[in-house]
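> Sharing a model that was predicted from the sequence below.
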Amino acid sequence: MGDYKKTMENIHPGDNGRSKSWRSMAALFGAAAISVAAPSIASAQQTDQAPAGQAQAQDDQSEEIVVTAQKRGEQSVTDVPISVSVIGGAQLEESGARGVSDALNNVGGVNLVEVQPGRSTISIRGASAGSITLTGSAPVGYYLDELPFSFITNAFLPDASAFDLQRVEVLRGPQGTLYGASSLNGVVRILTNNADLDEFQIRGRARYASTQDGGLSSGADLVVNVPIVEDRLGVRAVASYSDLGGFIDSATSTDFNDSQVANYRIKINAEPTDRLSLSLGASFSRIDNHGSAEARDDYTTPFSDNQSTERDYDAYNFIVAYEFPMFSVQSSTGYIELSGAGAYDLLLGGALQVSLVDNLSAELFTEEVRFSSNFSGPWQVSGGLFYREVDQLLTQSLPGLLPFPLSFLDQSQSHAVFGEVTRTLMDGRLELIGGIRYFEDTVTTNELSSLFTGTAGPLLPEVESEFDATTWRAVANYHPNPNQTLYVSVATGFRSGFNQAPTSLAVEPTLPPVEADDLITYEMGAKGESTDGRFIYDSAVYYTVWDGAQQLRLTSLGSAAVINSDEVSGWGFDGSVIARLTDAFSVNGSVGWNSLEFQSDTLQQGAVLFPTGDRMNLSPELTVGVGAEYRWPLSGSLEGFVAGDARYTSQLINHDVVGGFSVVTESDDVRNLNLRGGVDADRWSLTLFADNVTDERGAIEPGSTSLPYPVRQRPRTIGLQLTFTD
């Protein structure tokens, strides 16, 4: 990152200085807000820690599930007028999930495709970015605590460890008012455990697994919690490491797509007074991949095995919150350094095999100050200010084909102001909510070197574009009884725009900047639970209209360009059920269906890229998940358990135009069955698990003209996991 920072200082010393001053001002503003002000807004960080032993997971099922999705303190999941799913920390660990990505595909309406750790795409309700880089930010907001992973032309998702998390919240539908840009059609919130200020804790797990016709995998996790000053100051540290065996063969290597993944987290929490809380968190990820899961039907690739990649990030989040008698205030300051480097084999024009060498570096700084009222009357208000600054440097080369590298710098400075008003009527049974957010973004692009002319040749002039958006939501939320919620809502979301890549502009100089796209959803929902808490349901019917959807197309050279399509719209349904049928037996299920499709033809090079009635790239129509668990007492404190879950995702498609002809590639319908069973005790748990029990080997993502080999799911994997606590 040192060379990257020097490059930015040389290109725009004035901007860099302004950048630093903005950061200093924002940090000072945040610190000032804190000295007078913290929350129940940060109450997501003040709930009890996840249970230490797996045996406690069953007892947790009868407890109230709380979320902080509306940034108004803790609320029961059945009271929130949003289609939302929650995965508890104990549930994640019991499932044996290595990363959060492993668990998200069990949530209805969500589809995540992992080409390799740290290189994934996600869709909620069918809205997908279509690619990881050069096609805009993700249409789904992704938060690690209060820190958003939101870049300019990179749909990067962090490969967060699933160990020692408080919970994961999945919000479906547009969240533009409270979460802003890149929350076009949903948000994923990963909430880590706070330090326990009262007691020392140590807990860990180890696992070992073998993949059918593949390599061996192993991993270990450890968390240590130390109270420094009782009730006032504590620190919590988490370390996770996984060595994932490969399962793809090349002409010269077997199982060459192995990966090594390391994640580290540390969080320091302080509560100097009963009203003031401070949290300083740091997360680090180091990923080494030796190949991708893209292959032919027989799990072999004609490409080389020299496709190693590295994906790293350092993320820091400082939160200060103060709770006044009638309102609370919170400041969240965040900073991310992201880097990725590697080589990828691909085809140009569908025939010429080349190696693309890619290096990406990015820095992101965010500051949000928000408040939330706690009035005794029927009116409540909340609002805040948000600032984001992104610097993103991309360098690419085609060794042996073109003599010069491509290098360009994207910079974004954006800010937003938002507010929300709530009015309760009918003794609190009816709640009316109205919210609005205004956003402005300035994006500049500078070409540093060109594939065509080299660093000494003439470069394209600086491109500067400005984007703005106003998003809003209106909700009527009715409670027929304390255990049931009925709601109707209209909500909007958006993504900011960006400039076309210089290589694409060199080929097609008239390409316009990519405009911001926006999405509106009309929704009716019902959710609730039985009086004893054994049965919980959540359902929603909605209609979505997406205007100007940012979609990938190729230039005549084969480089990536992005266009804004005409309307994409359709109906949809989400539903989920959790039922604890007896003290020993529980089941759950979820479904997500949508008919999101193009309402008119989208053209490229005179051919139809997206025909009327077709689905978008990488957009599933249907996702279904079911699960069950049974537990029984053994001797003493021992308890036996068996559990399983199954997942279905409908086919994905990808559209390209090559040589003036439309080319459509398809994935398979994906099915996955996972089983596990074992023994729980007070201080340890032993689990035997089998993933992809039926050894399905379909394509989970379609190929394209440049990457004609689809992504394959990992074959049957059987392993053993041991968890322990002090």
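Ah, there it is. Numbering: from 1, shown residues only.
> where exactly do the strands run in the stretch 251-400 of the chain?
Listed in chain order, the strands of the stretch 251-400 of the chain (DSSP state E, counting those that start in this stretch) span 259-270, 276-289, 309-323, 327-348, 352-373, 379-397.
> The first one: how far from the chain's middle?
A distance of 17 Å separates the centroid of the chain from that of strand 259-270, by C-alpha atoms, centre = their mean, to the nearest Å.
> One more: the fifth one?
Centre-to-centre, strand 352-373 and its host chain are 13 Å apart (C-alpha atoms, centre = their mean).
> before we move on, back to that, please convert the strands of the stretch 251-400 of the chain to JSON lines, extending it with mean neighbour count.
C-beta here means a position set from N, CA and C on the backbone, and glycine is covered the same way. JSON lines is the format used below for those (neighbours: other C-beta atoms under 10 Å):
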{"stretch": "strand 259-270", "mean neighbour count": "20"}
{"stretch": "strand 276-289", "mean neighbour count": "20"}
{"stretch": "strand 309-323", "mean neighbour count": "22"}
{"stretch": "strand 327-348", "mean neighbour count": "21"}
{"stretch": "strand 352-373", "mean neighbour count": "19"}
{"stretch": "strand 379-397", "mean neighbour count": "21"}
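> To residue 98, which of the ones you listed lies closest?
When the strands of the stretch 251-400 of the chain are ranked by distance to residue 98, counting by C-beta to C-beta, first place goes to strand 259-270 at 7.6 Å.
> what angle sits between the closest one and strand 309-323?
Between strand 259-270 and strand 309-323, the angle comes out at 20 degrees (axes from the mean of the first three to the mean of the last three C-alpha atoms, to 10 degrees).
> Neighbouring strands - and their directions - for strand 259-270?
Applying DSSP bridges to the sheet, strand 259-270 is found paired with strand 233-244 (antiparallel), strand 276-289 (antiparallel).
> now these as CSV including mean pLDDT and distance to residue 205?
As requested, those are arranged in CSV below (pLDDT from 0 to 100; distance: least, C-beta to C-beta, whole Å):
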stretch, mean pLDDT, distance to residue 205
strand 233-244, 97, 9
strand 276-289, 96, 19
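> Include distance to residue 113 when you put those strands into a markdown table, please.
Formatted as a markdown table, the entries for the strands paired with strand 259-270 read as follows, by distance: least, C-beta to C-beta, whole Å:
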| stretch | distance to residue 113 |
| --- | --- |
| strand 233-244 | 16 |
| strand 276-289 | 15 |
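> Between the ones you listed, which one is closest to residue 384.
Using C-beta to C-beta as the criterion, the shortest distance between residue 384 and those is 17.5 Å, found for strand 276-289.
> tell me, what residue is most central in this protein?
Central residue of the chain (C-alpha atoms, centre = their mean): residue 142, 3.8 Å from the mean position.
> can you pull the contacts of that residue?
Residue 142 makes contacts with 122, 148-150, 157-158, 182, 187-188, 190, as judged by C-beta atoms under 8 Å, 6 or more residues apart in numbering.
> confidence score at it?
pLDDT, the model's per-residue confidence, is 93 for residue 142.
> which SSE is it in?
Taking DSSP states H and E as the criterion, residue 142 maps to strand 141-144.
> List the neighbouring strands of the helix or strand just after that strand plus their orientation.
On the C-terminal side of strand 141-144, the closest following helix or strand by DSSP H and E is strand 147-148. In the sheet, strand 147-148 lines up against strand 141-144 (antiparallel) (DSSP bridges).
> starting at the chain centroid, how far to the partner strand?
Here strand 141-144 is found 5 Å from its chain centre; the criterion is C-alpha atoms, centre = their mean.
> Give me the buried positions along it.
Going by neighbour count (16 or more other C-beta atoms under 10 Å), the buried part of strand 141-144 is 141-144.
> next one: stretch 690-702
Going by 16+ other C-beta under 10 Å, stretch 690-702 has these buried residues: 690-693, 696-702.
> what do you get for stretch 424-440?
Within stretch 424-440, the residues that qualify as buried are 424, 431, 433, 435-437, 439, counting by 16+ other C-beta under 10 Å.
> next one: stretch 406-425
Residues 406-416, 418-420, 422, 424 are the ones in stretch 406-425 that count as buried (16+ other C-beta under 10 Å).
> Also stretch 559-570?
If you call a residue buried by 16+ other C-beta under 10 Å, then stretch 559-570 has these buried ones: 559-565, 568-570.
> do stretch 296-310 as well
Taking 16+ other C-beta under 10 Å as the neighbour-count basis, stretch 296-310 is seen to contain the buried residues 299, 301, 303-305, 307, 309.
> So which residues of the stretch 501-650 of the chain form helices?
Assigned helices in the stretch 501-650 of the chain, in chain order: 502-507 (criterion: DSSP state H, counting those that start in this stretch).
> Where does pLDDT dip in it?
Within the stretch 501-650 of the chain, the stretches with pLDDT under 70 are 558.
> same deal with the chain?
In the predicted model of the chain, residues 1-64, 349-352, 456, 558 satisfy pLDDT under 70.
> please redo it, this time with the cut-off set to 50
For the chain, residues meeting the criterion pLDDT under 50 lie at 1-62.
> Shouldn't residue 94 be within a helix?
Yes - membership of residue 94 in a helix is supported by DSSP: H, G, I helix; E, B strand; the rest coil.
> that older thread, which among the strands paired with strand 259-270 is found nearest to residue 534?
With C-beta to C-beta as the criterion, residue 534 lies closest to strand 233-244 of the strands paired with strand 259-270, at 32.6 Å.
> re earlier: among the buried residues of stretch 690-702, which are in strands?
690-691, 699-701 (DSSP state E).
> and those residues as a markdown table, adding distance to residue 356?
Below are those laid out as a markdown table (distance: C-beta to C-beta, whole Å):
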| residue | distance to residue 356 |
| --- | --- |
| 690 | 37 |
| 691 | 32 |
| 699 | 22 |
| 700 | 22 |
| 701 | 18 |
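> ok, of those, which one's closest to residue 234?
Here the nearest of those to residue 234, counting by C-beta to C-beta, is residue 691; it sits at 35.6 Å.
> which residues does the closest one bridge with?
Once the bridges are assigned, which here means DSSP bridges, residue 691 pairs with residue 717.
> Make residue 1 into 217 and carry on from there
Sure, I'll start counting at 217 from here, so that last one is residue 907.
> Would you mind measuring from it to residue 914?
Applying C-beta to C-beta, to the nearest Å, one obtains 15 Å for the distance of residue 907 from residue 914.
> Report the separation between residue 885 and residue 586.
When C-beta to C-beta is the yardstick, residue 885 and residue 586 sit 43 Å from each other.
> do residue 381 as well
Going from residue 381 to residue 586 by C-beta to C-beta gives 23 Å.
> for residue 520, same thing?
From residue 520 over to residue 586 the distance is 50 Å, taken as C-beta to C-beta.
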